[in-house]
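>>> sequence and predicted structure, then a few things I'm wondering about:
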Amino acid sequence: MLDQQELDIFISNALHEDVREGDHSSLASIDKDTQGKARLLVKDQGILCGLEVANAIFNKVDAQLRMEIHINEGETVKYGDVAFHVYGNAISILTAERLVLNCMQRMSGIATNTNEYVKAI
């Protein structure tokens, strides 16, 4: 169970460290009204974890971003699977993407290793 206040503090601190006042590359090259879509493409086999955190990050960056989840938390994934799509402002998506990927990679790695230990026991 996630403590929402602690998660919010974590996200705020991580975004401050990563992008501060904004993703300068995106701000310089993408019109502020451009809408976009991104997908989380799985690059290895394992257990998917971190969807709730990803959703919280997207919402913190821009409450108008919308996730469409294709693979549920805790399910097995393989190379080439698309875990979710996110839709909305392109700059907002790009602002959030690095933190989302870092968190989901870490959490999915922990879930995958834990699953292997459980199988071994």
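On my side now, so go ahead.

>>> what's the first-to-last distance across stretch 63-76?
With Cα to Cα, to the nearest Å as the measure, stretch 63-76 spans 29 Å from end to end.

>>> show me the helices in the protein, by range?
4-19, 24-29, 51-61, 90-120 (DSSP state H).

>>> deepest of those helices, which one?
Most buried of the helices of the chain, by mean neighbour count (mean count of other Cβ atoms under 10 Å): helix 51-61, with a mean of 20. For every residue, glycine as well, the C-beta is placed using N, CA and C.

>>> who's in contact with T34?
89-91 (Cβ atoms under 8 Å, 6 or more residues apart in numbering).

>>> from I71, how far off is the nearest residue to T114 once chain neighbours are set aside?
With sequence-adjacent residues excluded and distances taken as Cβ to Cβ, 6 or more residues apart in numbering, T114 is closest to I47, at 7.8 Å. From I47 across to I71, the span is 10 Å (Cβ to Cβ, to the nearest Å).

>>> more neighbours: the two, which one.
Shown here are I47 and I71; by other Cβ atoms under 10 Å, I47 has more neighbours (19 against 16).

>>> these two touch, right, that one and S108?
Yes: assessed by Cβ atoms under 8 Å, I47 is found in contact with S108 at 6.3 Å.

>>> overlap in contacts of the two?
With contacts taken as Cβ under 8 Å, 6+ apart, I47 and S108 have V77 as neighbours in common.

>>> how many residues are close by Q35?
Burial of Q35, expressed as a neighbour count using other Cβ under 10 Å, amounts to 12.

>>> noted, bye for now.
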